[in-house]
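Enquirer: curious how this folds, go ahead:
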Amino acid sequence: MSKGHAAVHAEWQRDPERYWARAAGAIDWSSPPARIFDPDQGPYGRWFPDARLNLCHNALDRHVAAGRGDQVALYWDSPVSGQKARLTYAELLDRTARLAGALNARGVRKGDRVVIYMPMVPEALVAMLACARLGAVHSVVFGGFAAAELAARIADATPKAVIAASCGLEPGRVVPYKPLLDAALGLSPHQPDFCLILRREASPGALVDGRDEDLLEAIEAAAPHPCVDVAATDPLYILYTSGTTGKPKGILRDTGGYAVALAHSMPLLYGLAPGDTCWTASDVGWVVGHSYIVYAPLLAGCSSVVYEGKPVGTPDAGAFWRVCAEYGVKTLFTAPTALRAIKKEDPEGRLLAQHDLSKLQALFLAGERCDADTALWAERLLDGRPVIDHWWQTETGWCITGNFRGAGLFPMRPGSGGKPAPGYDVQALGDDGKPVAAGETGSLAIRLPLPPGCAPSLFRADDRFRQAYLEAFPGYYNTGDAGMIDAEGYVWVMSRTDDIINTAGHRLSTGALEEVLASHKDVAECAVIGIRDALKGQVPMGLVVLKSGSQPDPAQLEAELVALVRDRIGPVAAFKRASIVQRLPKTRSGKILRATLRKLADGESYTVPPTIDDPLILEEIGDVLAKA
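Expert: Model prediction:
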């Protein structure tokens, strides 16, 4: 594809159904789509409503049948356990087909749900693919989630089976999963028929008689099961996010639209072809892991890296570069927070210089907005290779905006998420639901229908989907993100809508303020929150983490940061407070918990989010805020 982004996007806009019909040609269908889109199904319509396929066949069987069974499908690299492995497409197919056989022999059928509760091990991917092979619906819950949160997901999904590991491994510690699973099943009103447990040496866990079985023994003893055809509109998986009502929100993903979107994105967005090695440094518990560790790389016939480790500490800030060099990674996809952690520990890139990165062609970022300073730092260290910040959500399943290696890259603007992908008509809307002028901040929304790959609804909750996403701006999907679109079509995602700070009637973006703070030579990463003020309503406060080795005087640093904001944004920002913290509270996917920080600063009660990486951070920051 060398038409250029503008031409590709215009081609989609001229005839969306023709565009996606052509993209569907990359997928093997048992019954090809005669109708591309039906606007009368679901909350906003359904893609490929009359087609049938199996996603596991497309990810594995067809590649083996084409003679590429000896190609590596998965590289497993686990610095926390000291283990490595590689699975060819033929080996991955055999394990997957056998696990599908084991599940089927125990009563799992098309449409049944299976909860998967595992760390970053190959068996997690095998479990997902085995469900897809049977037409069963998997729901991956991040390994180590608290028992009550796991119980809530089991209660909502009502799974026939649970596939879990006995433990996960973190730097310097073992996290027992099996006791958490047992406790969750003790809390859940729904009970699975059986559990299959991957018993890891570090903490094998005890099997419950009559319910639990050894996963590897079950795979070994099972006969391979063939692929089961499903409708393109049948669900592939449920991925839960925390809901505002306290009940987890089950994002539903259909099978056919997802397959088409992911297969299309690999050459268009990432510039990847069969045989290439890609590494998405995420976790299968998150949507990024579902899409670009598991399904998209395998649909495209690529080799995917599965990494059980951290960006720093396993053993150092050169870990990512070591993995890229060792496996010949062509594209690395990670979260900005991982990059900032590496930058904090190795700001000059001395560890990067120790590795041969000649095969690495591009770095992709997503998960939260990447500040310009970090993007430029990465670009400089990588000798000008493209550093592409792209914006997407759990609900969309693939990118809303980005840059497109397969269409010829346009110049990136650090701090922007790029331009819309084909299928997305993105608008910045005012409170009246009308587009605002170029360069003005509004609520970012996508004109309906959403493209293939996006959530068609929530699990058993069409009305909740409409209320959450479609009612605020009729005719649009409300992303919940605030930002702007400039005169040249670049989209700038500045913050979540509820992170906009209202200071004496002026709407300030936390993202814009954070970009200024991050540009300071001593700041590794930062968060800005709006705290309650009797006079102005809210005023911004900065929390900054220092680069390794930096020891500025706190009062002098605060004065310099205040001056920077005043110079670049203006006195209207009323920015006068900045405190140094050792670290910031984040989800395991790298998002900073700004809403929790805001409640903490205002002295409001808050619930510790189940996705938080380390709850003790909140106590540390609470002490800092109390002294500020």
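Enquirer: phi, psi of residue 391?
Expert: Reported as degrees, to the nearest 10, the phi and psi values for residue 391 are phi -110, psi 130.
Enquirer: what is it paired to in the beta sheet?
Expert: residue 401 (DSSP bridges).
Enquirer: from residue 490, how far out is it?
Expert: Distance from residue 391 to residue 490, counting by Cβ to Cβ, to the nearest Å: 11 Å. In short, each C-beta sits where N, CA and C put it, glycine included.
Enquirer: over to residue 342?
Expert: Residue 342 is 26 Å from residue 490, by Cβ to Cβ.
Enquirer: same thing with residue 34?
Expert: From residue 34 across to residue 490, the span is 38 Å (Cβ to Cβ).
Enquirer: who's more crowded, these two?
Expert: residue 490 (20 against 10; other Cβ atoms under 10 Å).
Enquirer: pLDDT at the residue nearest to that one when sequence neighbours are not counted, what is it?
Expert: Nearest residue to residue 490 in three dimensions, chain neighbours excluded: residue 416, at 4.4 Å (Cβ to Cβ, 6 or more residues apart in numbering). pLDDT for residue 416: 94.
Enquirer: how many neighbouring residues does residue 416 have?
Expert: With other Cβ under 10 Å as criterion, residue 416 counts 25.
Enquirer: quick one, what contacts it?
Expert: Shown in contact with residue 416 (Cβ atoms under 8 Å, 6 or more residues apart in numbering): 389, 486, 490-492.
Enquirer: SS state for it?
Expert: Recorded secondary structure, residue 416: coil (DSSP: H, G, I helix; E, B strand; the rest coil).
Enquirer: ditto for residue 314
Expert: Residue 314 ends up coil, using three-state DSSP.
Enquirer: wait, it touches residue 172, no?
Expert: No. Contact criterion Cβ atoms under 8 Å: residue 314 and residue 172 do not qualify, at 9.8 Å.
Enquirer: look at those two and report which has more neighbours.
Expert: A side-by-side neighbour count of residue 314 and residue 172, using other Cβ under 10 Å, places residue 314 first with 19 against 8.
Enquirer: so what touches the strand or helix carrying residue 428?
Expert: According to DSSP states H and E, residue 428 maps onto strand 426-429. Strand 426-429 is contacted from outside by 400-401, 420, 435-436, 440-447, 473, 476, 483-485, 491, using Cβ under 8 Å, 6+ apart.
Enquirer: and the residues you listed, which of them are buried?
Expert: 400-401, 420, 436, 441-446, 473, 476, 483-485, 491 (16 or more other Cβ atoms under 10 Å).
Enquirer: show me the residues you listed that map onto helices.
Expert: Applying DSSP state H to those, no entry is found in helices.
Enquirer: out of those, who's nearest residue 181?
Expert: residue 400 (34.8 Å; Cβ to Cβ).
Enquirer: surely residue 493 meets residue 511?
Expert: Yes. With contact defined as Cβ under 8 Å, residue 493 reaches residue 511; the gap is 7.2 Å.
Enquirer: which neighbours do the two share?
Expert: 369, 483.
Enquirer: list the contacts for residue 582?
Expert: Neighbouring residues of residue 582 by Cβ under 8 Å, 6+ apart: 545, 620.
Enquirer: for residue 298, see how far away it is.
Expert: Going from residue 582 to residue 298 by Cβ to Cβ gives 40 Å.
Enquirer: how about residue 514?
Expert: If you go by Cβ to Cβ, the gap between residue 514 and residue 298 works out to 36 Å.
Enquirer: show me the contact partners of stretch 18-31.
Expert: Applying Cβ under 8 Å, 6+ apart, the external contacts of stretch 18-31 come out as 11-12, 32-33, 36-37, 47-48, 50-54, 57-58, 62, 229, 256, 259-261, 263-264, 299, 422-423, 451-452.
Enquirer: quick one: distance of it to the chain centre.
Expert: In terms of Cα atoms, centre = their mean, to the nearest Å, the centre of stretch 18-31 is found 25 Å from the chain centre.
Enquirer: how about residues contacting stretch 74-92?
Expert: Outside stretch 74-92, the residues touching it (Cβ under 8 Å, 6+ apart) are 60, 63-64, 68-73, 95, 120-122, 125-126, 129, 169-171, 202, 277, 303-310, 314-315, 319, 323, 326-327.
Enquirer: please name the nearest non-neighbouring residue to residue 438.
Expert: Here the residue nearest residue 438, using Cβ to Cβ, 6+ apart, is residue 487, at 4.4 Å.
Enquirer: thought the one you found was touching residue 413?
Expert: No. With contact defined as Cβ under 8 Å, residue 487 does not count as touching residue 413 (11.9 Å).
Enquirer: may I have stretch 154-172 exported as CSV, CA atoms only?
Expert: Taking C-alpha atoms only, stretch 154-172 is exported to CSV below (Å, rounded to 0.1, in the frame of the first residue of the first chain):
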residue,chain,number,x,y,z
ILE,A,154,-17.1,-15.1,37.1
ALA,A,155,-20.6,-14.1,38.3
ASP,A,156,-21.2,-12.0,35.2
ALA,A,157,-19.8,-14.3,32.6
THR,A,158,-21.2,-17.5,34.1
PRO,A,159,-18.3,-19.7,32.7
LYS,A,160,-18.5,-23.4,32.0
ALA,A,161,-14.8,-23.6,32.9
VAL,A,162,-11.9,-21.7,34.4
ILE,A,163,-8.3,-22.1,33.1
ALA,A,164,-5.8,-20.7,35.5
ALA,A,165,-2.1,-20.8,36.5
SER,A,166,-1.1,-21.7,40.1
CYS,A,167,1.0,-18.5,40.3
GLY,A,168,2.6,-15.6,38.6
LEU,A,169,6.1,-14.3,39.0
GLU,A,170,7.2,-10.7,39.7
PRO,A,171,10.8,-9.5,40.2
GLY,A,172,11.8,-11.0,43.5
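Enquirer: pull out the buried residues from it.
Expert: Neighbour-count burial for stretch 154-172, counted by 16+ other Cβ under 10 Å, picks out 154-157, 159-169.
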